[in-house]
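Visitor: Okay, predicted coordinates and the sequence, questions at the end:
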Amino acid sequence: MSVNLSKGQKLSLTKSSGPTLTRVRMGLGWDAMKKKGFFGKKEQEIDLDASGLLFDATNALVDVVWFNQLASHDGSVLHTGDNRTGAGDGDDESIIVDLTRVPAAVTTLVFTVNSFTGQDFTQIESAFCRLVDESDNSEIARYDLSGSGTHNAQIMAKVTREGSGWAMTAIGAAATGRTFEQLLPAVLPHL
C-alpha cells in the first residue's frame, strides 16, 4: 500500500513483511500545461531533469547521477535516461538505487528535479515523484510536486541511512536552478 507523503514526512524503508528494501526506483512524472494560443490550446515541451546526489557523513558530494552521467562510479545508482518532453504516462525519468551496493561512505541520497529549459512550475501539471520497490514493482510512497510556483526546481526527497536500513523523507522545497550544480546551495540545508 502506497503512502502519500506530505512535505517533511519521513518513511522507514523497512518492508511491512519485515526485511529491508534492497532495490528502489525514484520515478518522476509530469505533463506540460497546454498553452493558450490564437487557435486554441497547444502542446508545449518542458524538459524536467531528475538527479540523484550522493553525500557522505560530512555533507560532501561524492557522486551524482543525472542525464549527463547515467551511472554512479560504483554502479549502485542508475539513471534511466533523459525525457525532454514529459510525454506519455507513468514515470518520465527514473533513478534506480541498489541500496545493498551503495558505498558505506554514502549516508544520504538527495533527489532533485529541475527544468533544464527554464520554465517554472506554473507551466507544469501532474508532477509527482514516487518511490517504487523494484522487487515487485509496488509503489511505496508518492509525493505530489504540483503546486504552482515561479520556481523552476525542487528538492524532492532524500533517502538516508538509519541503523542497518534506510528511510525516505519528503522535502518538497522550491529552488531555482537549471542543473544539479546550481541547486547545491539549496540542497545542503536539507542534509
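Guide: Structure's in. What do you need? This is a predicted model, so every value here is computed, not measured.

Visitor: Off-centre distance for stretch 174-191?
Guide: Relative to the chain's own centre, stretch 174-191 is displaced by 13 Å; criterion: C-alpha atoms, centre = their mean, to the nearest Å.

Visitor: now the end-to-end length of it.
Guide: Using C-alpha to C-alpha, to the nearest Å, the span of stretch 174-191 from its first residue to its last is 15 Å.

Visitor: Stretch 131-145 too?
Guide: 13 Å.

Visitor: List of residues touching that stretch?
Guide: Residues outside stretch 131-145 that contact it (C-beta atoms under 8 Å, 6 or more residues apart in numbering): 2-5, 11, 13, 15, 21-27, 30, 96, 113, 121, 127-130, 154, 156-157, 168, 170, 172. For every residue, glycine as well, the C-beta is placed using N, CA and C.

Visitor: Nearest the geometric middle of this structure, what residue?
Guide: residue 111 (3.9 Å; C-alpha atoms, centre = their mean).

Visitor: From the contacts of stretch 131-145, list just the buried residues.
Guide: 5, 11, 13, 15, 21-22, 24-27, 30, 96, 113, 121, 127-130, 154, 156-157, 168, 170, 172 (16 or more other C-beta atoms under 10 Å).

Visitor: Give me the subset of the residues you listed lying in strands.
Guide: Mapping the buried ones among the contacts of stretch 131-145 onto strands (DSSP state E) picks out 11, 24-27, 30, 96, 113, 127-130, 154, 156-157, 168, 170, 172.

Visitor: And the helices in the chain?
Guide: 180-187 (DSSP state H).

Visitor: Tell me where the model's unsure across it.
Guide: 1-2, 15-19, 37-39, 41-43, 85-88, 146-148 (pLDDT under 70).

Visitor: hmm, try it at 80
Guide: 1-8, 11-20, 31-46, 82-90, 125-126, 145-148 (pLDDT under 80).

Visitor: measure residue 5 to residue 144 for me?
Guide: 9 Å (C-beta to C-beta, to the nearest Å).
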